[in-house]
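need a structure here:
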Amino acid sequence: MINPGNEQSWDDQIQTMFARIAKRYDLMNRLMTFGQDQRWRREVIRQARVPANGWLLDLGAGTGELGRQALRAISGCHVIAADFTLEMMRTGKQQPNPADVYWCSANALCLPYPDGTFDAIVSGFLLRNVGDIQQCLAEQYRVLKPGGWLVALDTTRTTAGIFTPLVNFHLHTTIPFLGIWITGDKQAYSYLPASTERFLPAEELASCLLSAGFRQISFQRYMFGTIAIHRGMK
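Just a heads-up that it's a prediction; the model follows:
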């Protein structure tokens, strides 16, 4: 399990974990979400409102799936896929049309771009993995152009309801079983449900966006309330 008290830094632990599961990461996302993650990613790109020939940052890009969605949907879009796990980016470069994505090794807490670089910033399952959410949002705000959108897809903590037993079974039984079966990595897919339950409720994450300076903030929940897409404008 990822442990804040471990001798390794939080970043090092996250990096090591994602390096181990990089080759099966996309397949596990398909299985865990029953294929819905692709639909959510398309919605993220739609909400990002990237202009034709605009610049998009896919932050915490992993294998670059959001960036590839953007290239399919937006004429002349320029995509920078930034991640700090080399193995994830290597896997992404093996996907179709890798030359259309500009890959960059970057830490989401200290982005190597000038102020006001991007027309939009998108992320998929990044925020629950960073050590300082407010710093991560501040950096995204800094490198966005005025009027640009941040759109973040992530897990969210749910409230108790009639679907709670089903959600708990999926998180604590189905996902760890699939993780061991598909990747052989029990730790990574025990971390996922634990980090989901530890992460902010959607309303609190929206407040973090407001504190970072974003406006016109909104969010939508999906998959029995366990997934949310947050959006805010600079």
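
tell me the phi and psi of Gly232?
Dihedral pair for Gly232: phi -150, psi 150, per degrees, to the nearest 10.

pretty sure it is in contact with Phe214, am I right?
Yes - taking contacts as Cβ atoms under 8 Å, Gly232 lies within contact range of Phe214: 3.1 Å. C-beta: built from backbone N, CA, C; applies to glycine.

quick one: which of the two has more around it?
Gly232 (25 against 21; other Cβ atoms under 10 Å).

quick one, grab the pLDDT at the more buried one.
We have a pLDDT of 98 for Gly232.

ok, Asn97 next?
At Asn97, pLDDT is 63.

check Ile14 too.
82.

make sure it is indeed in a helix.
Yes - using DSSP: H, G, I helix; E, B strand; the rest coil, the assignment for Ile14 is a helix.

ok, then the element right after the worst-scoring helix or strand of the chain on mean pLDDT?
Least confident helix or strand, the chain: helix 164-169 with a mean of 70, by mean pLDDT, DSSP states H and E. Counting by DSSP states H and E, the next helix or strand C-terminal to helix 164-169 is helix 175-183.

which secondary structure elements does that next one contact?
helix 10-21, helix 25-32, helix 188-198 (3 or more Cβ pairs under 8 Å, 6 or more residues apart in numbering; DSSP states H and E).

try it again at 6 Å.
helix 25-32, helix 188-198 (3 or more Cβ pairs under 6 Å, 6 or more residues apart in numbering; DSSP states H and E).

what's the longest strand along the chain packed up against?
Among the segments of the chain that qualify as a strand by DSSP state E, the longest is strand 144-155. Applying 3+ Cβ pairs under 6 Å, 6+ apart, one finds that strand 144-155 makes contact with helix 36-48, strand 118-124, strand 227-233.

skip the chain neighbours and tell me the closest residue to Gln78.
That one is not Gln; residue 78 is His. In space, His78 comes closest to Trp55 once its chain neighbours are excluded; the distance is 4.8 Å by Cβ to Cβ, 6 or more residues apart in numbering.

mind showing which ranges of this protein have poor pLDDT?
Applying pLDDT under 70 to the chain picks out residues 1-8, 10, 96-99, 160-164, 167, 170, 172, 179, 185-186, 188.

if we go to 50?
1-2, 4, 7 (pLDDT under 50).

show me what contacts Asp100?
Leu71 (Cβ atoms under 6 Å, 6 or more residues apart in numbering).

before we move on, the earlier item: sort out which residues of the longest strand of the chain are buried, please.
Leu144, Gly148, Trp149, Leu150, Val151, Ala152, Leu153, Asp154, Thr155 (16 or more other Cβ atoms under 10 Å).

try stretch 116-126
Thr117, Phe118, Asp119, Ala120, Ile121, Val122, Ser123, Gly124, Phe125, Leu126.

likewise stretch 64-83?
Neighbour count says stretch 64-83 has 64-71, 74, 77-83 buried, by 16+ other Cβ under 10 Å.
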